[in-house]
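# sequence first, then the predicted structure:
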Amino acid sequence: MAKAMFGAGCFWGIEESFRAVPGVTDVAVGYSGGAKDNPSYEEVCTGMTGHAEVVEVEFDETKVSFEQLLDTFWENHNPTQLNYQGPDIGSQYRTAIFTTNEDQADTAMKAKKAEQDSGRHPRDIVTEISPAKTFWRAEEYHQQFIAKRRGKPGRLFG
């Protein structure tokens with residue numbers, strides 16, 4: 001199985017989007033791109049660790065390509081927003097593709113240019129593309145958070 005890592009704002013929603021892609025075998029939410037080892041959610045939320053909220057996507061390359069995962073990434077967040085998505089503000093919510101090898105890096109750069117040239121975005125895409133650092137799995141209560149909350153009374157957030 002291959003792996004890919006994406007930051008697209010709060011990790012709860014993008015996790016759901018990738019879980020729905022045929023050929024994706026697993027998705028975990030966590031943190032990457034920062035300097036602190038094994039950060040907690042509370043530490044990442046301060047914006048001081050340098051980490052982004054990310055999803056690590058495991059996928060079967062015979063069933064889904066990295067390019068298809070990039071399509072899901074572009075479709076499910078606003079890549080023109082620097083350090084925020086919707087109401088979530090801070091560098092931990094940045095748009096990012098953390099690549100695991102040169103092929104992913106080349107493909108991500110080409111896809112970013114194609115997305116920019118598509119005319120779908122009125123502003124420049126600010127998505128960071130950089131080599132993957134360690135993926136730190138988020139606390140268990142964050143894993144499949146939306147699926148766990150589905151059908152329960154009360155608000156999803158807060």
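Received the coordinates, thanks. Numbers count the residues shown, from 1 in each chain.
# quick one: list the elements packing against the least confident helix or strand in the chain by mean pLDDT.
Among the helical and strand segments of the chain, the one scoring lowest on mean pLDDT, DSSP states H and E is helix 145-149, with a mean of 82. Packed against helix 145-149, as judged by 3 or more CB pairs under 8 Å, 6 or more residues apart in numbering; DSSP states H and E, are the following elements: helix 11-19. Any C-beta I mention is one placed from the backbone N, CA and C, and that applies to glycine too.
# which other helices and strands does the helix it packs on contact?
strand 2-8, strand 24-32, strand 52-59, helix 66-75, helix 145-149.
# just the CA trace of the last one, in PDB.
Read it as helix 145-149. Once side chains and other backbone atoms are set aside, the C-alpha atoms of helix 145-149 remain, and they are given as PDB (Å, rounded to 0.1, in the frame of the first residue of the first chain):
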ATOM      1  CA  PHE A 145     -15.000  11.900  14.600                       C
ATOM      2  CA  ILE A 146     -17.800  12.700  12.200                       C
ATOM      3  CA  ALA A 147     -18.800   9.100  11.800                       C
ATOM      4  CA  LYS A 148     -18.800   8.600  15.500                       C
ATOM      5  CA  ARG A 149     -21.100  11.700  16.000                       C
END
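# next one: it to chain centre, how far?
Taking CA atoms, centre = their mean, to the nearest Å, one finds the center of helix 145-149 at 17 Å from the center of the full chain.
# in it, what counts as buried?
For helix 145-149, the neighbour count (16 or more other CB atoms under 10 Å) marks residue 145 as buried.
# partners of residue 56 in the sheet?
Here residue 56 shows beta-bridge partners residue 5, residue 28, assigned using DSSP bridges.
# isn't it right up against residue 27?
Yes. If you go by CB atoms under 8 Å, residue 56 and residue 27 touch, sitting 7.2 Å apart.
# residue contacts, residue 32?
Contacts for residue 32 were tallied using CB atoms under 8 Å, 6 or more residues apart in numbering; they are 5, 7, 51-52, 54, 56, 98, 132-136.
# filter the residues you listed down to the buried ones.
By the neighbour-count criterion of 16+ other CB under 10 Å, those include these buried positions: 5, 7, 51-52, 54, 56, 98, 132-133, 135-136.
# of these, closest to residue 90?
When the buried ones among the contacts of residue 32 are compared for distance to residue 90, the smallest value, 9.5 Å, is given by residue 52; criterion: CB to CB.
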